[in-house]
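Generate coordinates for the sequence data below:
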Amino acid sequence: MTVSEREAREVAEAAREKDWRKPSFAKELFLGRFRLDLIHPHPEPAPEDAERGEEFLARLREFVEAKVDGALIERDARIPDEVLNGLKDLGALGMKVGTEHGGLGLTQVYYNKALALVSSASPAVGALLSAHQSIGVPQPVKLFGTQEQKDAFLPRCARTDISAFLLTEPDVGSDPARLATTAVPDGDDYVLDGVKLWTTNGVVADLLVVMARVPKSEERKAEGHRGGITAFVVEGNAEGVTVENRNAFMGLRGLENGVTRFHRVRVPAANRIGPEGAGLKIALTTLNTGRLSLPATCVGAGKWCLKIAREWSETRVQWGRPVAKHEAVGGKIAFIAATTFALEAVLDLSSQMADEDRNDIRIEAALAKLYGSEMAWLMADELVQIRGGRGFETAESLAARGERGVPAEQVLRDLRINRIFEGSTEIMHLLIAREAVDAHLSVAGDLIDPDKTLADKRKAAVAAGTFYAKWLPRLVAGPGQLPRAYDEFGTLAPHLRYVERTARKLARSTFYAMSRWQGRMETKQGFLGRIVDIGAELFAMSAVCVRAEKLRVSGEDGQAARQLADAFCRQSRLRVEELFGRLWNNTDDLDRKVVREVLAGSYTWLEEGITDPSTEGPWIAEALPGPSATENVHRSVR
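Prediction:
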């Protein structure tokens, strides 16, 4: 399909959850309001939830240590059936499914702890469990399904059936307006035709959540059927469903990810999730908490990086001292330790807020995903550097010559996809930025909308004037300028005062940019990305201070936690100041000029003197609807 940029934006905007019925710490932060009361004291799980979660974690650890061979999965590029069946028997497929439907009913906090544990043994297994429960059939059915759908599908997902989520197509990534897979009504059924790409779990899935476009028609609209992108539950073994290829990747080599073709697949109308046209809204709402599973694997990776860095740096001696005592290496270890503490603080806080359901956490979850994926990659890269040549060498090769088989290079490869999974870093920047400026667009959006009438613009100007007359003066001064503010946090109080002051500075910068660029603001993606990155750092600083105080009060490693929190906040403040400097002093305009010349072929002389080992073929494979011409590589796990 070919759609204009405006049409694509309209589709994305229509899918947004527009209302803010609950408070949001991160939303307030971007508006310059430091609502510490929303996150402090740190929320805690109910005792019965913690007891149930800890009991399962103990059983899961025993299973993982005995049955999950990460090296074997890496070598064979496949998760053994006995591992998958063992996870089924353990109830791991139903961690997020309620007990009334045969699941374990774990909280988000303990679900994340379980994913971190499993992923430390095999990230591929962690990805399978996450895709199954965070974005696969259980979550959208639990949130949007009918009681009949819940009764039919959730017990299967809890114990026996693996599920997958199918949205991406060969020529459709983060732009769903061009979705080509169709679901044509036919009596009491819909007939699906199309091709889906990168179907995580699709190779082994028993149940699929499929996003497809229902054609719009005035006749059906009069009957209450609006058409549009719609979500369906589809049986993986239905006639006309073919897994045409099992994809292979840089990392996550055990990932059961493929290309799935639908040819005249009949799906009962009873399997439609929600009304027609609600598919994207369902997908985005599902991801609001589903995104928290990815930073859980990042936390697990950070903990492992810290463990290996500590053990190796104590053992490895250079120039008469352990390498950890050389400042160049020690700084990397300090970064890994402080950042791991921060990622866990962000994850636990966001997850506990999700469990309590008192706050709207759509921005917090997105920030956790963005920040976790970026920082985990940096930590893994630093670990490889600390390990030196052994970091670049595979674990199998290390073991073959008699050394400890440390898969540092594998962790680096496995983590790389997290910056793309469930919204690339670039898309997450835009998504979060849109939510961060929502309050501004709500009152002043019509002023910069070229399609609005003069009457609409006058009305918007009055509303904007009223809003900014109250809002702007509050950005001038606040508790962050008072020397005794937040003193209950002891040595961490200066960091919270910094967060409060900087949140106001961030809001002022956003307002200035909107005043300067108005409707062109959405094209300033470099600026928006830096705004979001500053907000992510402020959120992380807030989380680590709150978590350190919680640990101090409970007597659990309070002094050590404060030291880590202090180290992280000092490191983070340096990054924030650099980002503020780059808001207005950058090469964005020059970069755009260079890109235009690159695309115009002005620099092709720079590409001379090499040979390209790429194979021949189209950049994007054609995915015309029709019957499959290849063997079905789907495999059932029984």
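
Report the separation between Tyr486 and Ile39.
Separation of Tyr486 from Ile39 (C-beta to C-beta, to the nearest Å): 13 Å. (C-beta placed from N, C-alpha, C; glycine too.)

got the residue ranges for the strands in the stretch 51-200 of the chain?
Ranges of strands in the stretch 51-200 of the chain, per DSSP state E, counting those that start in this stretch, are 163-166, 182-186, 189-200.

Could you single out the most deeply buried of these?
Of the strands of the stretch 51-200 of the chain, the one with the most neighbours on average (mean count of other C-beta atoms under 10 Å) is strand 163-166, at a mean of 28.

Name the strands paired with that one and say parallel or antiparallel.
Applying DSSP bridges, strand 163-166 is found paired with strand 207-214 (parallel).

what element comes up after the partner strand heading to the C-terminus?
Downstream of strand 207-214, the first helix or strand assigned by DSSP states H and E is helix 218-222.

related to what we said a few turns ago, dump the strands of the stretch 51-200 of the chain into a markdown table; add distance to Val11 and mean pLDDT as well.
Below are the strands of the stretch 51-200 of the chain laid out as a markdown table (distance: least, C-beta to C-beta, whole Å; pLDDT from 0 to 100):
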| stretch | distance to Val11 | mean pLDDT |
| --- | --- | --- |
| strand 163-166 | 18 | 96 |
| strand 182-186 | 16 | 95 |
| strand 189-200 | 17 | 96 |
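
Out of those strands, which is closest to Val317?
Shortest distance between Val317 and those, using C-beta to C-beta, is found for strand 189-200: 43.5 Å.

Parallel or antiparallel, list what pairs with that closest one.
With DSSP bridges as the test, strand 189-200 pairs up with strand 182-186 (antiparallel), strand 257-268 (antiparallel).

Of the ones you listed, flag the one that's most buried.
Of the strands paired with strand 189-200, the one with the most neighbours on average (mean count of other C-beta under 10 Å) is strand 257-268, at a mean of 21.

avg pLDDT for the helix or strand that comes right after that strand?
Toward the C-terminus, strand 257-268 is succeeded by strand 272-273 as the next helix or strand (DSSP H and E). When pLDDT is averaged over strand 272-273, the result is 97.

where does stretch 463-477 sit relative to the chain's centre, distance-wise?
Offset of stretch 463-477 from its chain centre (C-alpha atoms, centre = their mean, to the nearest Å): 33 Å.

which of the residues in that stretch are buried?
For stretch 463-477, a neighbour-count test (16 or more other C-beta atoms under 10 Å) marks Ala463, Ala464, Trp471, Leu475 as buried.

and what of stretch 61-77?
Phe63, Val64, Val68, Gly70, Ile73, Glu74.

Then stretch 522-529?
Within stretch 522-529, the residues that count as buried by 16+ other C-beta under 10 Å are Lys524, Gly526, Phe527, Leu528, Gly529.

Just give me the neighbour total for Gln559.
Residues lying near Gln559 (other C-beta atoms under 10 Å) number 10.

Could you do Thr107 as well?
21.

can you give me the strands in the stretch 301-450 of the chain?
Per DSSP E, counting those that start in this stretch, the stretch 301-450 of the chain carries strands over the ranges 317-318, 321-322.
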